[in-house]
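Colleague: Predicted model and sequence follow; I will ask about them next.
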Amino acid sequence: MRFQRRMLLVTLAAMALLPVLPSHARADTFGIRAGSSLDRFGFSSAEVYWQRQLALTWGDSRSWHTDSQLELRGGRINGGGDSLTVAGAAFNLWLRHPAAPISLGVGTGPTYLSKSRLAGRDFGGHWQFTTHIAAQLRLGANLQLGYRIQHTSNAGLRSPNYGYNLHVLDVQVRF
């Protein structure tokens with residue numbers, strides 16, 4: 001429980017700082033995602049997202065390095081003949097190499113659900129946190145395909161804390 005509260009505080013602090021951080025010139029990525037649950041509840045998801053490259057980087061950009069992104073997203077989750085709206089933000093870190101077509105990423109951030117229940121699953125409130133691990137395949141200078149596994153729950157801040165898990169495919173275009 002202490003770890004979850006610390007992670008919540010770190011996430012909130014990072015999210016508060018993101019709007020004041022400078023970004024790179026080539027910054028915006030738009031994409032769509034679709035996924036399904038990894039459990040018996042049979043959820044499906046669809047969302048659109050926007051990502052802005054941030055100036056926080058580690059390592060030499062001519063070799064393996066880590067860069068950061070702010071992400072805003074919104075969409076729908078369906079299950080059991082019902083649906084809800086989801087909106088969220090995330091701070092993402094990506095491990096990249098300019099010559100490698102594959103990138104690996106992690107991210108976390110707050111998520112708002114329009115309903116606290118879906119298909120008999122009680123999420124313990126509207127405010128949740130989404131954490132993910134991801135891989136992307138660069139198909140061209142401005143086109144990527146991705147796969148991610150994500151977990152959304154209320155981080156133990158309320159009871160119950162069941163959450164949901166999704167595996168997701170995405171397509172993104174960079175401008």
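Modeller: Received, thanks. Residues are numbered from 1 along each chain as shown.
Colleague: who touches Cys78 in this structure?
Modeller: One correction, residue 78 is Asn, not Cys. If you count contacts by CB atoms under 8 Å, 6 or more residues apart in numbering, Asn78 has them with 43-45. C-beta coordinates here come from the backbone N, C-alpha and C atoms, glycine included.
Colleague: If you go by neighbour count, which of those are buried?
Modeller: Among the contacts of Asn78, those classed as buried by neighbour count (16 or more other CB atoms under 10 Å) are 43, 45.
Colleague: Just the ones of the contacts of Asn78 in strands?
Modeller: Secondary structure defined by DSSP state E assigns 44-45 of the contacts of Asn78 to strands.
Colleague: from the contacts of Asn78, which single one is nearest Leu118?
Modeller: Each of the contacts of Asn78 was checked against Leu118 using CB to CB; the closest is Phe43, at 7.0 Å.
Colleague: That closest one against Ser36, yeah?
Modeller: Yes: in this structure Phe43 lies within contact range of Ser36 using CB atoms under 8 Å: 6.7 Å.
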